[in-house]
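Colleague: here is a sequence with its predicted model. Questions after.
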Amino acid sequence: MVNQEAERFDAIIIGSGQAGNPLAGALGKAGWKVALIERKHVGGTCINEGCTPTKTMVASARVAYLARRGEDYGVKTGPVSVDLEVVRKRKDDIVQSFRSGSKSKLEANEHIALIAGEGSFLDAKTVKIQMADNNTRLLTADKIILNTGGRPRIPTIKGLAREDLLNSTEIMELTEVPGHLVVLGGGYIGLEFGQMFRRFGSKVTIIQHSSQLVPREDEDVAKEMAKILREDGIDLWLNASIEEGGRTEEGLELTIAQQDHRETLHATHLLVAIGREPNTETLNLSAAGIEPDKHGYVPVNKFLETEVAGIYAVGDVKGPPFFTHISYDDYRILKSAFLEDQKPSTEDRPVPYTVFTDPQLGRIGLSEKEARESGRRIKVAKIPMTWVARALEMDETRGLMKAIVDAESEEILGVAILGIEGGEIMTALQLAMMGKLRYPQLRDGIFAHPLLAESFNTLFGSVE
């Protein structure tokens with residue numbers, strides 16, 4: 001390797017996620033010679049282990065839920081069972097379709113070299129690729145972009161081996177519905193999988209270390225979420241942890257600690273959903289002069305530049321927020337900087353997101369807690385979904401709508417929609433925020449009846 005000459009490129013992108021893929025395509029289309037390095041699957045976490053497969057399985061779980069509720073609508077369906085192998089195949093087929101489509105587009109661009117292997121720095125301008133056949137390639141470029149993403153974080157639990165713990169990728173490969181699934185973690189991922197497998201037929205227990213589920217949300221939203229999950233038959237343990245565990249012939253034996261209380265739970269499966277960590281340990285960042293933060297993420301400025309000139313980081317590898325649409329916006333920032341001589345940044349960009357529980361939780365902007373802590377004078381609008389005509393007609397009345405408005409400008413500062421199609425309703429309100437509409441314009445607007453959006457009249461009529 002000493003005598004190996006480095007191949008010259010205009011840009012090297014390590015990782016083919018939701019920032020790296022479109023960036024490679026845009027640069028290749030502009031005539032840049034681009035190397036795109038991927039060690040596993042084209043498309044990154046979103047297509048392969050995240051959004052696409054999980055939301056596909058969530059859809060199957062909702063069908064099972066509605067089928068069991070058939071009599072509520074006057075429809076008799078009979079006993080409902082779930083064939084997890086068919087659910088998994090449907091998921092795999094959609095993932096493969098997305099993955100192959102992305103790969104085909106990249107391979108069709110003559111300016112892009114899609115290279116299977118693992119990249120690491122030799123210096124700030126040179127990347128070594130370890131190929132699957134144990135050969136190596138050396139590449140060099142003035143611009144190097146890191147898009148290596150992250151993976152589920154797995155803790156050490158006394159008495160349990162790594163094979164006793166499922167992460168959010170592994171649980172989607174089960175071929176039989178668990179008898180009793182314990183979920184460690186009451187954040188977004190844990191709740192989605194917990195409700196999903198409850199609907200597939202599992203007994204489900206969720207263990208959350210803090211005093212509320214979804215800790216980023218306001219307390220009233222979190223309480224409503226907990227109420228919904230309990231209605232679905234899910235056991236919730238708050239302020240709790242798994243102290244230790246062990247494997248028996250029947251499955252897992254877990255000691256749950258809740259303040260001074262201890263209880264033993266018997267489970268067939270344990271899903272760990274306590275967060276993610278970055279894929280940076282094999283990049284040899286020190287060779288490039290980059291110092292990761294204490295969590296292993298690659299620090300960047302608002303232009304996505306690292307501390308080393310010419311090296312950038314995009315997507316999850318640079319730290320939160322961990323959303324596909326944020327990764328895609330990272331791509332737009334670098335595309336504009338590289339090809340259009342502009343300087344867009346991450347400063348003050350909105351961070352909308354949707355939690356795909358059922359009903360969904362759609363969020364954008366400030367929570368009530370954040371708004372009050374900022375010192376603003378605010379007003380709050382809040383209504384239960386039982387006040388929404390369309391929700392009543394659909395018999396989907398669980399949840400609430402909440403909006404925070406500025407008392408002086410009357411502009412919307414943030415919304416939380418926990419209700420049927422909560423993400424879509426949140427997005428409509430995001431458009432209002434982008435257009436700087438005042439809340440009275442929505443309160444007094446004319447919306448088609450009977451749509452979910454018609455509830456804006458009622459929601460903003462409740463401002464106090």
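Modeller: Perfect, I can see it now.

Colleague: and residue 202, how many neighbours?
Modeller: Counted with other CB atoms under 10 Å, residues neighbouring residue 202 total 23. (Each C-beta comes from the backbone N, C-alpha and C, glycine too.)

Colleague: contact partners for it?
Modeller: Counting by CB atoms under 8 Å, 6 or more residues apart in numbering, residue 202 touches 177, 178, 179, 180, 181.

Colleague: among the residues you listed, name the ones in strands.
Modeller: Those of the contacts of residue 202 mapping onto strands are 180, 181, per DSSP state E.

Colleague: in this structure, which strand is the longest?
Modeller: Criterion DSSP E: the longest strand present in the chain is strand 112-123.

Colleague: out of the contacts of residue 202, who's the most crowded?
Modeller: In terms of neighbours by other CB under 10 Å, the contacts of residue 202 top out with residue 181 at 26 neighbours.

Colleague: roughly how far apart are it and residue 203?
Modeller: 7 Å (CB to CB, to the nearest Å).

Colleague: who does the longest strand of the chain touch, helix- and strand-wise?
Modeller: Counting by 3 or more CB pairs under 8 Å, 6 or more residues apart in numbering; DSSP states H and E, the packing neighbours recorded for strand 112-123 are helix 20-29, strand 34-38, helix 84-107, strand 126-131, strand 136-140, helix 285-288.

Colleague: could I get these as JSON lines with distance to residue 364?
Modeller: Formatted as JSON lines, these follow (distance: least, CB to CB, whole Å):
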{"stretch": "helix 20-29", "distance to residue 364": "23"}
{"stretch": "strand 34-38", "distance to residue 364": "32"}
{"stretch": "helix 84-107", "distance to residue 364": "26"}
{"stretch": "strand 126-131", "distance to residue 364": "38"}
{"stretch": "strand 136-140", "distance to residue 364": "40"}
{"stretch": "helix 285-288", "distance to residue 364": "34"}
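
Colleague: indicate which one of these is closest to residue 73.
Modeller: helix 84-107 (23.3 Å; CB to CB).

Colleague: restricting to C-alpha, output the closest one in PDB.
Modeller: Written as PDB, here are the backbone C-alpha positions of helix 84-107 (Å, rounded to 0.1, in the frame of the first residue of the first chain):
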ATOM      1  CA  LEU A  84     -45.300 -11.900  11.000                       C
ATOM      2  CA  GLU A  85     -43.500 -13.700   8.200                       C
ATOM      3  CA  VAL A  86     -45.800 -12.000   5.700                       C
ATOM      4  CA  VAL A  87     -45.500  -8.700   7.400                       C
ATOM      5  CA  ARG A  88     -41.700  -9.000   7.300                       C
ATOM      6  CA  LYS A  89     -41.700 -10.000   3.600                       C
ATOM      7  CA  ARG A  90     -43.900  -7.000   2.700                       C
ATOM      8  CA  LYS A  91     -41.400  -4.800   4.600                       C
ATOM      9  CA  ASP A  92     -38.400  -6.400   2.900                       C
ATOM     10  CA  ASP A  93     -39.900  -6.000  -0.600                       C
ATOM     11  CA  ILE A  94     -40.500  -2.300  -0.100                       C
ATOM     12  CA  VAL A  95     -37.000  -1.800   1.400                       C
ATOM     13  CA  GLN A  96     -35.400  -3.700  -1.600                       C
ATOM     14  CA  SER A  97     -37.400  -1.600  -4.000                       C
ATOM     15  CA  PHE A  98     -36.300   1.700  -2.500                       C
ATOM     16  CA  ARG A  99     -32.700   0.500  -2.100                       C
ATOM     17  CA  SER A 100     -32.400  -0.800  -5.700                       C
ATOM     18  CA  GLY A 101     -33.900   2.300  -7.100                       C
ATOM     19  CA  SER A 102     -31.400   4.500  -5.300                       C
ATOM     20  CA  LYS A 103     -28.500   2.300  -6.400                       C
ATOM     21  CA  SER A 104     -29.600   2.300 -10.000                       C
ATOM     22  CA  LYS A 105     -29.800   6.100 -10.100                       C
ATOM     23  CA  LEU A 106     -26.300   6.300  -8.800                       C
ATOM     24  CA  GLU A 107     -24.800   3.700 -11.100                       C
END
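
Colleague: buried residues in it?
Modeller: The neighbour-count check on helix 84-107 (16 or more other CB atoms under 10 Å) flags 84, 87, 88, 91, 94, 95, 98, 99, 102, 103, 105, 106 as buried.

Colleague: now do the contacts for the fifth one.
Modeller: Read that as residue 94. By CB under 8 Å, 6+ apart, the neighbours of residue 94 are 52, 53, 56.

Colleague: may I ask which of the residues you listed has the most neighbours?
Modeller: For the contacts of residue 94, the largest neighbour count, defined by other CB under 10 Å, is 23 neighbours, found at residue 53.

Colleague: I figured that residue hits residue 97, correct?
Modeller: No - at 11.7 Å, residue 53 does not count as touching residue 97 under the criterion of CB atoms under 8 Å.

Colleague: quick revisit: right, and the helices and strands packed on strand 112-123 - which one's nearest residue 399?
Modeller: With CB to CB as the yardstick, what comes closest out of these is helix 84-107 (25.6 Å).

Colleague: rewinding a little: hmm, which two among the contacts of residue 202 are most spread apart?
Modeller: Farthest pair in the contacts of residue 202 (CB to CB) is 177 and 180. Separation: 10.6 Å.

Colleague: any idea how many residues pack against residue 390?
Modeller: 19.

Colleague: any idea how far residue 375 is from it?
Modeller: Distance, residue 390 to residue 375, by CB to CB: 37 Å.

Colleague: ok, residue 357 next?
Modeller: 32 Å.

Colleague: these two: which is more packed in?
Modeller: Neighbour count, other CB under 10 Å: between residue 357 and residue 375, residue 357 has more, with 23 against 7.

Colleague: helix, strand or coil for that one?
Modeller: With DSSP: H, G, I helix; E, B strand; the rest coil as the basis, residue 357 sits in coil.

Colleague: residues in contact with it?
Modeller: By CB under 8 Å, 6+ apart, the neighbours of residue 357 are 191, 192, 195, 225, 228, 229.

Colleague: burial of the last one, as a residue count?
Modeller: Pointing back at residue 229 there. Neighbour tally, residue 229, other CB under 10 Å: 21.

Colleague: next one: the fourth one
Modeller: When neighbours are counted by other CB under 10 Å, residue 225 registers 25.

Colleague: next, it: secondary structure please.
Modeller: Three-state call for residue 225 (three-state DSSP): helix.

Colleague: what helix or strand is the residue lying closest to it once chain neighbours are set aside on?
Modeller: Leaving aside its chain neighbours, residue 225 sits nearest to residue 213 (5.5 Å; criterion: CB to CB, 6 or more residues apart in numbering). Using DSSP states H and E, no element contains residue 213; it sits outside every helix and strand.
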